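A.B. asks: no letters, just coordinates:
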């Protein structure tokens, strides 16, 4: 099994456990009772310049522990103050040391949209995301079938959630488009072996039509990387480890934006 396979399998275990506490019917009823969202995540990516999705992440399978001291609310507020357009919050608990609580508290503490960064393998997780205050969810093509992606996008539309549909190669980009994705993220990190190729976004950019939002994910470390993303016509970048390791996150984001 690849790391991604293990992450997906563990996500299924988590859902099975969660359903014993709150049934699928109950969580759906609670989520549907909330006001419908306004797809604020995708709206936030429609900027004149490239948009920044900044990540709150304590650890990762490839890098291990990234932030031993993890004042996640301070980090989120710093991102917002520095001009982040959205915040990505890891909720996967085993390999990323994430927590649903992080997302719930961050979404309440900031006014910009939050993405639930997790390994969505069940419709249940979409209703969880809505209840936690997320504005968007991550759908990874390589762990989902075409029917699952279509179903999850339909549920998201009903809830008013945006979906960042993640692809890594040509076939997955085509799958995302065929399913009707409005936001496609190309991951420069191969989630099967965690190698990084920052050219992956450039290669796949031409497959995504201009009316679909394009996000370049992973391996974005320098202002030159941001400029490369601008040049290829990316609508947004997702930046994680670089900001998480920076002592002054406001200054680091300003530097990436070219506003030092």
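C.D. replies: Yep, that arrived. Quick caveat: nothing in here was measured; it's all calculated off a predicted structure. Numbering: from 1, shown residues only.

A.B. asks: so residue 253 touches residue 84, yeah?
C.D. replies: Yes: contact criterion C-beta atoms under 8 Å: residue 253 and residue 84 qualify, at 6.6 Å. Quick note: C-beta positions are derived from backbone N, CA and C, even for glycine.

A.B. asks: of those two, who's got more company?
C.D. replies: Legend: neighbour count by other C-beta atoms under 10 Å for residue 253 and residue 84, higher for residue 84 (25 against 22).

A.B. asks: do you know how far that one is from residue 36?
C.D. replies: Relative to residue 36, residue 84 is positioned 25 Å away (C-beta to C-beta, to the nearest Å).

A.B. asks: cool, and residue 126?
C.D. replies: 13 Å.

A.B. asks: now the common contact residues for these two.
C.D. replies: The overlap between the contact sets of residue 126 and residue 36 (C-beta atoms under 8 Å, 6 or more residues apart in numbering) consists of residue 159.

A.B. asks: when those two are compared, which one has more neighbours?
C.D. replies: When residue 126 and residue 36 are compared for neighbours, residue 126 comes out ahead with 26 against 12, by other C-beta under 10 Å.

A.B. asks: would you mind confirming that the more buried one makes contact with residue 132?
C.D. replies: No: counting by C-beta under 8 Å, residue 126 does not reach residue 132; the two are 10.8 Å apart.

A.B. asks: show me the shaky parts of this structure.
C.D. replies: 191, 259-260 (pLDDT under 70).

A.B. asks: quick check: longest helix in it by residues?
C.D. replies: helix 3-21 (DSSP state H).

A.B. asks: name the helices or strands packed onto that one?
C.D. replies: Packing contacts for helix 3-21, counted by 3 or more C-beta pairs under 8 Å, 6 or more residues apart in numbering; DSSP states H and E, involve helix 123-132.

A.B. asks: helices along this structure, start to end?
C.D. replies: Using DSSP H, helices in the chain cover 3-21, 24-33, 40-44, 72-81, 100-109, 123-132, 146-159, 170-178, 200-205, 223-232, 241-244, 249-257.

A.B. asks: so which residues make contact with the longest helix of the chain?
C.D. replies: 1, 27, 61, 92-95, 118-122, 124-125, 128, 140, 142-143, 191-194.

A.B. asks: which of those residues count as buried?
C.D. replies: 27, 92, 95, 118-122, 124-125, 128, 140, 142-143, 191 (16 or more other C-beta atoms under 10 Å).

A.B. asks: quick one: buried residues of stretch 38-56?
C.D. replies: Buried, per 16+ other C-beta under 10 Å, within stretch 38-56: 39-42, 44-45, 50-56.

A.B. asks: try stretch 139-157
C.D. replies: 139-144, 148-149, 152-153, 155-157.
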